[in-house]
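Enquirer: after the sequence you'll find the predicted model.
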Amino acid sequence: MDGQRVIDWADGKWLNPPLRTEMDGDELVVTARSGSDFWRTTSYGFVKDDGHALLTGFPAASAVEVTFVAQFDTLYDQAGLMVRVDEGTWIKAGVEMTDGVPHLGAVVTSGKSDWSLSPVPDWHGRRVTLRASRAGDAVTVRARCEEGDWQMIRLAPLDPDADALAGPFCCSPQREGLQVRFTRFALGPADASLHA
């Protein structure tokens with residue numbers, strides 16, 4: 001992405017600080033708290049808003065990218081990118097362990113959450129990048145593994161006047177000790193087009 005600026009990890013602000021963070025060179029290793037998650041009501045009947053997200057400003061006409069290593073082994077282990085307006089208006093997109101297989105997915109929440117998934121078994125243990133591009137009244141979410149082609153995974157509404165934040169997130173609903181290695185966090189101009 002031309003015009004991209006790498007964001008220093010220290011410039012983000014934690015929503016729900018994780019159990020532990022440590023720097024490994026330029027990479028941020030995050031240990032999630034057991035039981036952490038983001039979800040609102042649909043099907044499960046509960047509200048969870050205690051997942052970990054390192055957020056910075058996400059202005060109109062910009063795009064944010066987060067890269068991490070997807071090495072998960074327990075149901076609902078997850079990491080990726082969050083876009084957040086408030087506790088009832090947010091998007092999380094990334095890789096989540098479901099039915100024993102890593103899945104690329106997105107949850108869009110506007111009062112209540114929805115959830116879409118697609119299996120990506122060959123992404124296990126590899127470097128994954130999520131990208132959210134904000135233009136007009138929408139956010140376009142894309143993902144890729146290593147240097148592969150971008151895949152569009154979601155087009156979601158977002159009020160063009162909303163004061164939004166974005167950045168890396170992770171959750172560990174079912175266990176202690178999930179570690180996620182985030183390797184990059186960057187902000188730049190929005191995509192020129194919905195289609196590549």
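Expert: In hand now; what should we look at? Numbers count the residues shown, from 1 in each chain.
Enquirer: how about the residue of the chain positioned farthest from its centre, phi and psi?
Expert: In the chain, the residue that sits farthest from the middle, by CA atoms, centre = their mean, is Gly45; the gap is 22.6 Å. Main-chain torsions, Gly45, degrees, to the nearest 10: phi 80, psi 10.
Enquirer: how much space between it and Trp39?
Expert: Separation of Gly45 from Trp39 (CB to CB, to the nearest Å): 10 Å. (Glycine included, C-beta is placed from N, CA and C.)
Enquirer: ditto for Gly148
Expert: Using CB to CB, one obtains 29 Å as the distance from Gly148 to Trp39.
Enquirer: more neighbours, those two?
Expert: Under the criterion of other CB atoms under 10 Å, the comparison of Gly148 against Trp39 puts Trp39 first, with 22 against 13.
Enquirer: contacts only, for the residue nearest to the spatial centre of the chain.
Expert: Closest to where the C-alpha atoms of the chain average out (CA atoms, centre = their mean) is Leu81, at 1.6 Å. Leu81 makes contact with 64-66, 92-94, 130-132, 141, 166-169, according to CB atoms under 8 Å, 6 or more residues apart in numbering.
Enquirer: does Gln4 really touch Ala186, like I thought?
Expert: Yes: counting by CB atoms under 8 Å, a contact exists between Gln4 and Ala186, whose distance comes to 4.8 Å.
Enquirer: residues in contact with Thr56?
Expert: Listed by CB under 8 Å, 6+ apart, the contact partners of Thr56 are 7, 11-13, 165-167, 187.
Enquirer: can you tell me the closest non-neighbouring residue to it?
Expert: Closest residue to Thr56 apart from its sequence neighbours, by CB to CB, 6 or more residues apart in numbering: Gly12 at 4.9 Å.
Enquirer: please tell me how far the one you found sits from Ala79.
Expert: Relative to Ala79, Gly12 is positioned 15 Å away (criterion: CB to CB).
Enquirer: pairing partners for the host helix or strand of Val83, with directions?
Expert: Take DSSP states H and E as the rule and Val83 turns out to sit in strand 78-86. Neighbouring strands of strand 78-86 in its sheet, by DSSP bridges, are strand 89-98 (antiparallel), strand 165-171 (antiparallel).
Enquirer: give me the buried positions along that strand.
Expert: Counting neighbours by 16 or more other CB atoms under 10 Å, one finds that the buried residues in strand 78-86 are 78-85.
Enquirer: quick one on the thing from earlier: between Gln4 and Ala186, what contacts are shared?
Expert: Between them, Gln4 and Ala186 share the neighbouring residues Glu65, with contact defined by CB under 8 Å, 6+ apart.
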